[in-house]
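Undergrad: can you look at this prediction? I've put the sequence above it.
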Amino acid sequence: MKKLIIAVSFFVITSVFMGGIGHAKVIKLRLAHYFSPGYAYAVGYDKFAKEVEKRTNGRVKITIYPAGQLVSAKGSFDAVSTGAIEIGHVTDAYFEGKVPLVGIVWLPFLFDDLRVMRSAVDKILPIIQREEFDPVGIKIIAACHAGWVTFGSNVKTPRLPEDLKGQKIRASAWSTSKLVKATGAAPVGGIPSGELYMAMQRGVVDGWAIPWASSGARKLHEVTKYGLVAPMQCSMGYTCMNMKAWKSLPADIKNIIQNTAREIIELEEWFLITPAASADGIKKAEAAGAKVHYITSQEIEAWRELSRPIYEEWLQKLPKKKRPIAKEMIDICIGK
């Protein structure tokens, strides 16, 4: 009788923790982002969720909440930090003030191309994790760019810095505004990307500084005459997980999530999906009759020369204790 009771007890306990005979308990995670279905990042996240479920044999189920259904773009960072959601896409432009070291990728003309940038990001991400994200309870699962931020104009082809002089350029990030001002143009902030089409159409601004992928998605090719293709600066999106939720996962599940994110979000998204979206934006502009200029190596040096003082200014506006770390990160990025 005692053996029977022990056997029954073991059966009950096993059923509770395994979700039934022979079935592991399903780990349910919520992933929130603000992209519309079909956008490059949204496509990547859909594939990521499906692959994680497949590779864990159904042990992990990621439910995606797109288009700001669960949390806004500006609220994602705090939502992940507090555990209001398990996984969220957070864009550096919205939370740089809280973790300022992420602003390094916005320094203009810091990288030659996406491969150089990927190599540098792989080296500086552990520093950003340790210095900025660990203290706020966030685990970076992956990091990907949103395409090179570059210039569009209705006045003149922006080949060189002096070509922007006197223009009003929509610029949202601090470093972009600094670069625009250094050219002799006037940076205009406070215009959401969704309102940029009308601002260009009405002449509120003469040009913009956004990724080509965003230009294509916002149909700015319909109201833009000139464009520049250049490795100017990048907005970064971070796939983040609440640290407590991350630490609660079994080791094998952590490995699967991390490896899948690396494969799909960091590599496939980085080198295939987002560049394809950028190329589509450029193609739309050219098809609409815009004159698109592909920057030369000599022109890059002219822009880089103008940008170097911005690196130092960025360092000086950081908290004093972060400056040596930031300088180390810049040296890594420029290959010192």
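TA: Received it, and whenever you're ready, just let me know what you need. Being a predicted model, the structure only gives us computed values, none of them experimental.
Undergrad: identify the residue nearest Gly112 in space, chain neighbours excluded?
TA: Heads up, residue 112 is Asp, not Gly. Once flanking residues are discounted, Asp112 sits nearest to Pro231: 6.3 Å by Cβ to Cβ, 6 or more residues apart in numbering. (C-beta placed from N, C-alpha, C; glycine too.)
Undergrad: where's the one you found relative to Ser307, distance?
TA: Distance from Pro231 to Ser307, counting by Cβ to Cβ, to the nearest Å: 11 Å.
Undergrad: confirm the residue nearest to Asp112 sits in a strand?
TA: No: counting by DSSP: H, G, I helix; E, B strand; the rest coil, Pro231 is not part of a strand but coil.
Undergrad: run a quick neighbour tally on it.
TA: 20 (other Cβ atoms under 10 Å).
Undergrad: which SSE is the residue sitting nearest the centre point of the chain in?
TA: When Cα atoms, centre = their mean is applied to the chain, the residue found nearest the centroid is Gly237 (1.6 Å). Gly237 belongs to strand 233-242 when assigned by DSSP states H and E.
Undergrad: phi, psi for Thr91 please.
TA: Dihedral angles of Thr91 (phi, psi; degrees, to the nearest 10) stand at phi -100, psi 130.
Undergrad: confidence score at the residue nearest to it when sequence neighbours are not counted?
TA: The shortest distance from Thr91 to any non-neighbouring residue, by Cβ to Cβ, 6+ apart, is to Gly237 (5.1 Å). pLDDT, Gly237: 93.
Undergrad: from memory Gly237 sits against Ala40, does it?
TA: No: in this structure, Gly237 is not within contact of Ala40 by Cβ atoms under 8 Å, at 10.0 Å.
Undergrad: ranges for the helices of the stretch 51-200 of the chain?
TA: Assigned by DSSP state H, counting those that start in this stretch, the stretch 51-200 of the chain shows helices spanning 76-82, 92-95, 114-128, 174-182, 196-201.
Undergrad: next, the angle from the longest one to strand 233-242.
TA: What it means is helix 114-128. 40 degrees (axes from the mean of the first three to the mean of the last three Cα atoms, to 10 degrees).
Undergrad: which parts of helix 114-128 are buried?
TA: Neighbour counts over helix 114-128 (16 or more other Cβ atoms under 10 Å) mark 114, 117-118, 120-121, 124-125, 127-128 as buried.
Undergrad: which residue ranges of the stretch 51-200 of the chain form strands?
TA: 60-65, 87-91, 138-153, 168-170, 186-188 (DSSP state E, counting those that start in this stretch).
Undergrad: gap between the fourth one and the chain center?
TA: The gap between the average C-alpha position of strand 168-170 and the chain average comes to 23 Å, counting by Cα atoms, centre = their mean, to the nearest Å.
Undergrad: so what's the residue nearest to the centre of the chain up against?
TA: By Cβ atoms under 8 Å, 6 or more residues apart in numbering, Gly237 lies in contact with 41, 89-92, 143-146.
Undergrad: do the same with Leu70
TA: Leu70 neighbours (Cβ under 8 Å, 6+ apart): 30, 32, 79, 85.
Undergrad: name the member of the residues you listed with the most neighbours.
TA: Among the contacts of Leu70, the one with the most neighbours (other Cβ under 10 Å) is Ala32, at 27 neighbours.
Undergrad: right, and Ala287 touches Asp280 too?
TA: No: the pair Ala287 and Asp280 fails to qualify as a contact (Cβ under 8 Å) at a distance of 10.3 Å.
Undergrad: more neighbours: those two, which one.
TA: The neighbour count for Ala287 versus Asp280, taken as other Cβ under 10 Å, is higher for Asp280 (16 against 9).
Undergrad: that one should be in a helix, yeah?
TA: Yes: according to three-state DSSP, Asp280 belongs to a helix.
Undergrad: mind listing what it touches?
TA: Per Cβ under 8 Å, 6+ apart, neighbours of Asp280: 213, 216.
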